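Enquirer: Any chance you can model this:
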Amino acid sequence: MIDPIRWMSIGDFARACRLTVKALRYYDREALLTPGRVDPHTGYRYYAPDQLATALRIGLLRRAGVSIAAIRSIVDDPVRGADVLAAERARIESEAERVLRSLALIGSLEELAATELPVRVRRIDDQVVLWREGSADADDLDRTVAASIEVLLAEAAALGVDTAAPVLGRYPVVLEGAVDFGVGIEVAADFGAGAVLMPGGHFAAVDFTGPASLLPVAYHSLFADLAARGVDAVGPVREYYLTDPAEVGAENMRTRVVHPVADLDGTLPTPPQ
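Expert: Below is the predicted model of the structure:
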C-alpha cells in the first residue's frame, strides 16, 4: 500500500519551518512536536507537511520568550491559548521592566559614581498623616509600594485630603525577605480615624533626582556619610516623594531620603581624622 503522505526528513522539515535540527529534537524530547513517523530500522525522523504550521507557531513563541510549559498548554489546548498567552505577556512585561531598570542603573553608574550627593541635617516637624502599612518580598518591594501609594492617594482624594502634599514612605534599613513598610500623606491635625502621628526631629538627608530604580545611589551617599561620622544606620529610613512622577516623568522625580540622628542641635558628628 502506497503511503499518501509526502514525508519530510528532519533536515527538509527544519529548513521549511526555519528551525534547527537540534531544536526539533529538543521539541520532540519535550513532547511539543513529535515526528509523524520514525523508521523502526534506522531511527530516522520524518514529519508530515501539515505539521509545519505547528512548528512555525512553536518557533515564534520561543523567539518571543514564551516558556516551554506555556507552549505545551497552547499546543495541547488551543482553546485556552489566549489566556495562556495573556499570562505569558504579563510575565515577559514584568521581566522587561526589571531589565530596563537594570539597564538604567548600569547606564548611570559611571556618571553617578563621580557625583557626590551632599548630606545635610534637616529639621522635620511632627506630622499627622493618613497612614497605611503593608508587606512585600524584597524583590517586589518597588512595585508593591507604588501600588500602595496609588491606593493611598485614591483614598485620600475620596476623603477630601489635599493630595498635592508629598507622599512619604518608611522602610527598614535591611531589605531582605518579607519587608514591612508604610506609606502616608499629611492631613490636618484633627483628621481623626486612620491618621497617625509621624514624629519629627533632626534627620540626615540626601536629595536625589532620578528614577526610583537608582535610589540606592542616594542610600549609599547617606549611609557612607553616617558611617564616616560614626553614626549607626539602624533606621527606619523615610523617603519623601517631592514630585509626582506622573507629572514630571520618572527621570525627573525628586526624592528625599532621610535617617534620624540623635544630635538635637542639628549637626552631624565630625568624621574622625
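Enquirer: Strands of the stretch 151-273 of the chain, start to end?
Expert: Taking DSSP state E, counting those that start in this stretch, the strands of the stretch 151-273 of the chain run over residues 167-171, 178-186, 195-198, 201-209, 237-241, 254-260.
Enquirer: Out of these, flag the one nearest residue 223.
Expert: With CB to CB, the closest approach to residue 223 among those belongs to strand 254-260: 7.9 Å. For every residue, glycine as well, the C-beta is placed using N, CA and C.
Enquirer: Need the contact partners of the closest one.
Expert: Residues from elsewhere that reach strand 254-260 (CB atoms under 8 Å, 6 or more residues apart in numbering): 122, 124, 201-209, 212, 215, 218-219, 222-223, 226, 233, 235, 237-243, 248.
Enquirer: go on, stretch 180-193?
Expert: Applying CB under 8 Å, 6+ apart, the contact partners of stretch 180-193 are 127-136, 141, 145, 148-149, 152-153, 156, 161, 163, 165-172, 195-196, 198.
Enquirer: Now do it: distance from first to last residue.
Expert: 22 Å (CA to CA, to the nearest Å).
Enquirer: Only the buried members of the contacts of strand 254-260: can you turn that into a ChimeraX selection?
Expert: In ChimeraX syntax, the buried subset of the contacts of strand 254-260 is picked out as below (16 or more other CB atoms under 10 Å):
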select :124,201,202,203,204,205,206,207,208,212,215,218,219,222,223,226,233,237,238,239,240,241,242
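Enquirer: picking that back up, which entries within the contacts of stretch 180-193 meet the buried criterion?
Expert: 127-132, 134, 136, 141, 145, 148-149, 152-153, 156, 161, 166-171, 195-196, 198.
Enquirer: Quick check: residue 65 touching residue 92?
Expert: Yes - counting by CB atoms under 8 Å, residue 65 does reach residue 92; the two are 5.3 Å apart.
Enquirer: middle-most residue in this structure, spatially?
Expert: Here the mean C-alpha position of the chain is nearest to the C-alpha of residue 98 (CA atoms, centre = their mean), at a distance of 5.0 Å.
Enquirer: what is the rounded mean pLDDT of the strand or helix carrying that one?
Expert: According to DSSP states H and E, residue 98 maps onto helix 81-113. Averaging the model's pLDDT scores along helix 81-113 yields 72.
Enquirer: ok, now stretch 158-178?
Expert: Per-residue scores along stretch 158-178 average to 90.
Enquirer: What are the contacting residues of that stretch?
Expert: 129-130, 135-138, 141, 145, 149, 152-153, 156-157, 179-187, 191, 198, 233-242.
Enquirer: Pull out the buried positions in stretch 12-30.
Expert: In stretch 12-30, counting by 16+ other CB under 10 Å, buried: 13-14, 17, 19, 23-24, 27.
Enquirer: could I get those as JSON lines with secondary structure?
Expert: What follows is those, written out as JSON lines (DSSP: H, G, I helix; E, B strand; the rest coil):
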{"residue": "13", "secondary structure": "helix"}
{"residue": "14", "secondary structure": "helix"}
{"residue": "17", "secondary structure": "coil"}
{"residue": "19", "secondary structure": "coil"}
{"residue": "23", "secondary structure": "helix"}
{"residue": "24", "secondary structure": "helix"}
{"residue": "27", "secondary structure": "helix"}
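Enquirer: can you redo these as JSON lines with distance to residue 76 and pLDDT?
Expert: Listed next are the buried residues of stretch 12-30 as JSON lines, based on distance: CB to CB, whole Å; pLDDT from 0 to 100:
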{"residue": "13", "distance to residue 76": "21", "pLDDT": "90"}
{"residue": "14", "distance to residue 76": "23", "pLDDT": "89"}
{"residue": "17", "distance to residue 76": "19", "pLDDT": "85"}
{"residue": "19", "distance to residue 76": "20", "pLDDT": "87"}
{"residue": "23", "distance to residue 76": "19", "pLDDT": "90"}
{"residue": "24", "distance to residue 76": "18", "pLDDT": "91"}
{"residue": "27", "distance to residue 76": "13", "pLDDT": "91"}
